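Asks: Have a look; sequence and predicted model below, questions after that.
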Amino acid sequence: MSRKEDECNPLSSGSWDRNILHRDVRAPDDYVSKYVGHRAEVLGLKWSYDDRELASGGDDDMLFIWSANSTRPILRYSEHSAAGVYTRRHFSST
């Protein structure tokens, strides 16, 4: 999971169902937006420092970069193995 710091405070999560869901914990809806693109479990998520892009890595060895303003990926990297591990390690703030 990854939390984006903005006015609606969404909580982003990826899972075994291959989707990335953005939730506003104050809203009654299940989610406020959804990213679809991975062909296997989403393993890692990280918002950029300026909260404009989200990086996601999956068990499909794909690394996607998503714009906060669109539900389609702006970049796709398919020549990477262990993309989920890469996302967690290299986009981590710790």
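Replies: Looks like it came in fine.

Asks: contacting residues around residue 39?
Replies: 18, 58, 60, 62 (CB atoms under 8 Å, 6 or more residues apart in numbering). The C-beta positions use only the backbone N, C-alpha and C, and glycine is treated the same way.

Asks: let's see it at 10 Å
Replies: 18, 58, 59, 60, 61, 62 (CB atoms under 10 Å, 6 or more residues apart in numbering).

Asks: Take those and keep only those in strands.
Replies: Per DSSP state E, strands hold the following members of the contacts of residue 39: residue 58.

Asks: and of the contacts of residue 39, the nearest to residue 30?
Replies: Closest approach to residue 30 among those (CB to CB): residue 18, at 16.4 Å.

Asks: I'd guessed that closest one sits against residue 64; true?
Replies: No: counting by CB atoms under 10 Å, residue 18 stays clear of residue 64, with 11.4 Å between them.

Asks: shared neighbours, the two?
Replies: In contact with both residue 18 and residue 64: 35, 37, 38, 42, 58, using CB under 10 Å, 6+ apart.

Asks: and those residues as TSV, adding secondary structure?
Replies: Below are those laid out as TSV (DSSP: H, G, I helix; E, B strand; the rest coil):
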residue	secondary structure
35	strand
37	coil
38	coil
42	strand
58	strand
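
Asks: Now rank those by neighbours and give me the top one.
Replies: Most neighbours among the shared contacts of residue 18 and residue 64, by other CB atoms under 10 Å: residue 42, with 28 neighbours.

Asks: hey, what's it bridged with?
Replies: residue 58 (DSSP bridges).

Asks: separation between it and residue 74?
Replies: 17 Å (CB to CB, to the nearest Å).
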